[in-house]
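S.K.: have a look at this prediction, sequence included:
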Amino acid sequence: MLLEHLDHTVMQTLPSFVTNVDVRNSPALKWIDVPNTTLNLTVVYTSVQRIDVVANSLVDHLMVTKCNLEKIPRTIQNAQRMRMLEMGSCKIDSLDMASLCANRELTILILTNNKIRYVVNTATQHCPIYDSLVALSLQANMLKTVNIELFNVFVQMKSLFLHRNKIKSIAGRLVHDALLQLRLENNKLAGLDMCHWHVPSIVLVTFMDNPMKTIPEYVRNSPALKWIDVPNATLNLTVLYTSVQRIDVVANSSVDYLMVTKCNLEKIPRTIQNAQRMRLLIMSSCKIDGLDMASLCANRELTTLILTNNKIPNMLKTVNIELFNVFVQMNSLFLHRNRIKSIAGRLVHDALLQLRLENNKLTGLDMCHWHVPSIVLVTFMDNPMKTIPECLNNLQNFSAIDGLYSRTSGWINRRAA
């Protein structure tokens, strides 16, 4: 198409049954008039720098990408029935939400890959869009600072995407009952104060690829939160009392300590292996129902693994003790408070100091072929054992511990004490 101006005279020649207009690859096109009859208009790869929408327009979906628009057209407010507006990869350098004040049915606003440097709202009255907008994406722009309070008025908004900008600071208090998703990954955030925020429905907050060393405090105690991205620079992360069921750790993560308790995780996250410097991992009181040690194969510096009060201890009934022979530096193995009825295999371990087996269902245990020369503590109390585990006396360094069997004190029945 060689037209510079696609005006009403062209568009109105279309048959009445044509409701979708697609204009592509027209580098000469600079100006488009949107007629009253068009419902869906797509404009891609043009030089469009002006769009005029007639009064009382019926347009429902307007998508303009790869264009020369520098502002959201003033006449967009004439499209009061429009539900979706997408303008991407253009030259839009700012966003005043007041320019969309009258768009009372607009639910999705996508302004990605533009040059937006700031967002304001100069409206002096209540705008209909406040009650309609559900999703706003400002992904991949040039934002550096954001006043998060600007978005409080959009009471129906479920998703706010601010990722892939250059955001260094976020000011203000976000108070929003409906918000489900907030994406902040790929920015320049070194920190974020969320202590006074009120976002009770939030299920996803992303921080990946920000120079953060700690996750904001609010995220750690957000009951609805289901998904967390762990930024590369984060060293210590504690997540308590959430509904988290997904954790993504970026490649080459610097995280050293990760504690997640009271959550909905069902497995150890696959991306945990990206935290190759992590030394301590705690995931407790979640819904983890199985453990494959191979899922931690790459965690070369992991020294302490604590998986208490999950579905593993609740369901663990048999143990092949030989599985632990390969962990040659392991000092402590805690299997207490399970439902273990049998332990199979031969434990051969030079470094192991502690083995806790109390509060299980063990009626006996054959240790005759075990080789654990460094062991100093084995606990059996609150098991239905009637005799000392076979060959227990062969343990060279075993010492007296209250309520346990020891070389010096003999077999102690805690319940009879």
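M.R.: Yep, it's here.

S.K.: how is this structure divided into domains?
M.R.: The domain map for the chain lists 1-142, 316-417, with the assignment taken from automatic domain parsing.

S.K.: and those domains, which is most packed in?
M.R.: domain 1-142 (a mean of 17; mean count of other C-beta atoms under 10 Å). C-beta: built from backbone N, CA, C; applies to glycine.

S.K.: and the domains of the chain, which one averages the lowest pLDDT?
M.R.: Among the domains of the chain, domain 316-417 carries the lowest mean pLDDT, a mean of 78.

S.K.: circling back to that earlier point, can you list the domains of the chain in CSV and add distance to T303?
M.R.: CSV is the format used below for those (distance: least, C-beta to C-beta, whole Å):
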stretch, distance to T303
domain 1-142, 39
domain 316-417, 8
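
S.K.: what about the stretch 201-350 of the chain, any weak spots by pLDDT?
M.R.: 217-221, 234, 313-315 (pLDDT under 70).

S.K.: what segments of it are helices?
M.R.: Counting by DSSP state H, counting those that start in this stretch, one finds helices in the stretch 201-350 of the chain at the ranges 217-220, 311-315.

S.K.: hang on, the earlier thing: what's the closest of the domains of the chain to A251?
M.R.: Set against A251 and scored by C-beta to C-beta, those come closest in domain 1-142, at 20.9 Å.

S.K.: the nearest residue to L29 once chain neighbours are set aside and L109, how far apart?
M.R.: Spatial nearest neighbour of L29, excluding adjacent residues (C-beta to C-beta, 6 or more residues apart in numbering): T46 at 4.3 Å. From T46 across to L109, the span is 21 Å (C-beta to C-beta, to the nearest Å).

S.K.: ok, L162 next?
M.R.: Counting by C-beta to C-beta, the gap from L162 to L109 is 13 Å.

S.K.: hang on, the earlier thing: so the residue nearest to L29 touches V23, yeah?
M.R.: Yes - T46 is within contact range of V23, at 6.6 Å (criterion: C-beta atoms under 8 Å).

S.K.: quick check: neighbours shared by those two?
M.R.: L29 (C-beta atoms under 8 Å, 6 or more residues apart in numbering).

S.K.: wait, C263 touches C286, no?
M.R.: Yes - under the criterion of C-beta under 8 Å, C263 makes contact with C286 at 4.5 Å.

S.K.: tell me the bridge partners for the residue nearest in space to the middle of the chain.
M.R.: The centre of the chain sits closest to I228, judged by C-alpha atoms, centre = their mean, with a distance of 2.2 Å. Counting by DSSP bridges, I228 is bridged to V205, I247.

S.K.: contact partners for it?
M.R.: 205-207, 215, 219, 239, 244, 246-248.

S.K.: among the residues you listed, who's most crowded?
M.R.: When neighbours are counted by other C-beta atoms under 10 Å, F207 leads these with 27 neighbours.

S.K.: list the contacts of that one.
M.R.: 184-185, 189, 192, 215-216, 228-231, 234.

S.K.: closest to M367 out of those?
M.R.: So of these, ranked by how close each gets to M367 (C-beta to C-beta), first place is V230, at 41.2 Å.

S.K.: can you report how many residues lie near that closest one?
M.R.: 26.

S.K.: V372 versus the residue nearest to M367 when sequence neighbours are not counted, what's the distance?
M.R.: For M367, ignoring the flanking residues on the chain, the nearest one in space by C-beta to C-beta, 6+ apart is C391 at 4.8 Å. Applying C-beta to C-beta, the value for C391 to V372 is 11 Å.

S.K.: quick revisit: want to try CSV for the contacts of F207, with distance to N360 as columns?
M.R.: Converted to CSV, the contacts of F207 look like this (distance: C-beta to C-beta, whole Å):
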residue, distance to N360
L184, 45
E185, 44
L189, 47
L192, 45
I215, 36
P216, 40
I228, 34
D229, 38
V230, 35
P231, 40
T234, 37
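
S.K.: show me which of those residues are buried.
M.R.: Among those, those buried by neighbour count (16 or more other C-beta atoms under 10 Å) are 184-185, 189, 192, 215-216, 228-231, 234.

S.K.: list the residues that contact the closest residue to K226 other than its chain neighbours.
M.R.: Excluding the flanking residues, the one nearest K226 by C-beta to C-beta, 6+ apart is V203, at 4.1 Å. Shown in contact with V203 (C-beta under 8 Å, 6+ apart): 180-181, 224-227, 243.
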